[in-house]
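Participant: turn this into a structure:
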Amino acid sequence: MDDSGGNLIIVSGMSGAGRSSVADVLEDLGWFVVDNLPPMFLTTLVEQVVGTGAAPRLAIVVDVRTGLFFDELSSAIHDLRLKGYRPLTLFLEASDDVIVRRQESVRRPHPLQGEGRLLTGIQRERELLGDIRAGADLVIDTSNMNIHQLAAKIVNAFGDEENAELRATVVSFGFKYGIPVDADVVADMRFIPNPYWQPDLRPMTGQDKPVSDFVLGHPLAQQFLQNYVDVLDTLRTGYLNEGKRFVTVAIGCTGGKHRSVAMAEEIARRLRERGSPTLVVHRDLGRE
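Facilitator: Numbering: from 1, shown residues only. Model prediction:
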């Protein structure tokens with residue numbers, strides 16, 4: 001069996017990070033979704049569903065709810081690859097405080113909490129998932145996403161499997177709020193003069209034309225864009241050669257309102273021109 005990986009996804013991640021929401025979106029996109037599968041059955045299921053052509057696209061949700069069986073997930077994925085399958089692994093991440101809020105809002109105990117504290121269960125889960133996260137093809141941090149933003153990212157990543165191009169997400173952010181944990185590459189826009197110090201531009205954002213013109217019109221910004229998009233194009237070729245189909249490009253400035261937003265929009269436009277399906281997310285816009 002030689003599978004390109006375009007029709008087989010393994011979804012895992014932290015409890016409360018959005019696995020169920022992702023499963024719903026994938027079903028809406030026409031994927032056959034199996035939830036809470038013990039890893040010991042992973043190879044058998046893939047061979048019966050994908051190997052026989054019973055379903056064109058299969059997504060399997062595997063997480064710590066399977067208990068002791070979860071320890072077998074890494075070996076099960078390895079076994080699939082030995083048999084010629086190339087599953088794409090999607091890992092859903094969220095910060096501890098966000099997971100706590102989400103768990104408390106649904107009033108359900110964490111699967112590893114037992115009789116202890118919720119945070120203890122979260123920390124234990126992170127330890128168990130460490131290897132899976134490290135080897136994931138795509139990591140999505142849902143901490144600052146609502147359900148619609150998460151759905152848009154899943155549609156961008158898995159909605160059109162006929163396109164084998166590298167799929168990019170360009171995220172603008174403010175350094176004062178922290179670097180996105182799911183970033184593959186990070187670029188700092190604080191070398192460009194800050195529109196914040198222009199009284200007429202301060203209340204605007206990088207999505208407004210006066211701010212965008214101010215940022216993009218600077219000679220250093222133009223030089224950076226030309227060079228950086230060429231670098232991303234080189235990464236694109238290398239990633240595709242290595243079987244990586246997703247990249248998250250984080251573009252930062254001080255507050256994530258002016259420079260990073262304008263530059264992220266322009267980088268995304270240029271990536272689309274070069275054939276890469278690209279989604280733009282402004283993580284910190286409106287946070288001030």
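Participant: in terms of secondary structure, what does the strand or helix carrying residue 171 contact?
Facilitator: For residue 171, the element it lies in under DSSP states H and E is strand 167-174. Strand 167-174 is packed against helix 147-158, strand 246-253, helix 259-273, strand 278-282, with contacts defined by 3 or more CB pairs under 8 Å, 6 or more residues apart in numbering; DSSP states H and E. Placement of C-beta: from N, CA and C, glycine included.
Participant: in a markdown table: those, plus mean neighbour count.
Facilitator: Output for those, formatted as a markdown table (neighbours: other CB atoms under 10 Å):
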| stretch | mean neighbour count |
| --- | --- |
| helix 147-158 | 18 |
| strand 246-253 | 25 |
| helix 259-273 | 23 |
| strand 278-282 | 20 |
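Participant: can you list the ones you listed in CSV and add mean pLDDT and distance to residue 232?
Facilitator: Shown next, in CSV, are these (pLDDT from 0 to 100; distance: least, CB to CB, whole Å):
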stretch, mean pLDDT, distance to residue 232
helix 147-158, 84, 17
strand 246-253, 94, 7
helix 259-273, 97, 7
strand 278-282, 93, 10
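Participant: the inter-axis angle of the strand holding residue 171 versus strand 246-253?
Facilitator: Put simply, strand 167-174 runs at 20 degrees to strand 246-253, going by axes from the mean of the first three to the mean of the last three CA atoms, to 10 degrees.
Participant: what's downstream of strand 167-174, the next helix or strand?
Facilitator: Following strand 167-174 toward the C-terminus (DSSP H and E): strand 185-188.
Participant: next, the buried residues of that next one.
Facilitator: Neighbour counts over strand 185-188 (16 or more other CB atoms under 10 Å) mark residue 187 as buried.
Participant: for stretch 32-51, same thing?
Facilitator: So for stretch 32-51, counting by 16+ other CB under 10 Å, buried means 32-34, 37-39, 41-43, 46, 49-51.
Participant: report the two of those residues separated the most.
Facilitator: The span of these, defined through CB to CB, is set by 38 and 51 at 19.1 Å.
Participant: for the stretch 101-250 of the chain, which spans come out with low pLDDT?
Facilitator: Across the stretch 101-250 of the chain, the ranges flagged by pLDDT under 70 are 106-108, 111, 113-116, 160-164, 243.
Participant: before we move on, the earlier item: parallel or antiparallel, which strands does the strand holding residue 171 pair with?
Facilitator: strand 246-253 (parallel), strand 278-282 (parallel) (DSSP bridges).
Participant: just send those back as TSV, with distance to residue 58 too.
Facilitator: Formatted as TSV, the strands paired with strand 167-174 follow (distance: least, CB to CB, whole Å):
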stretch	distance to residue 58
strand 246-253	18
strand 278-282	24
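Participant: go through these and name the closest to residue 193.
Facilitator: strand 246-253 (11.0 Å).
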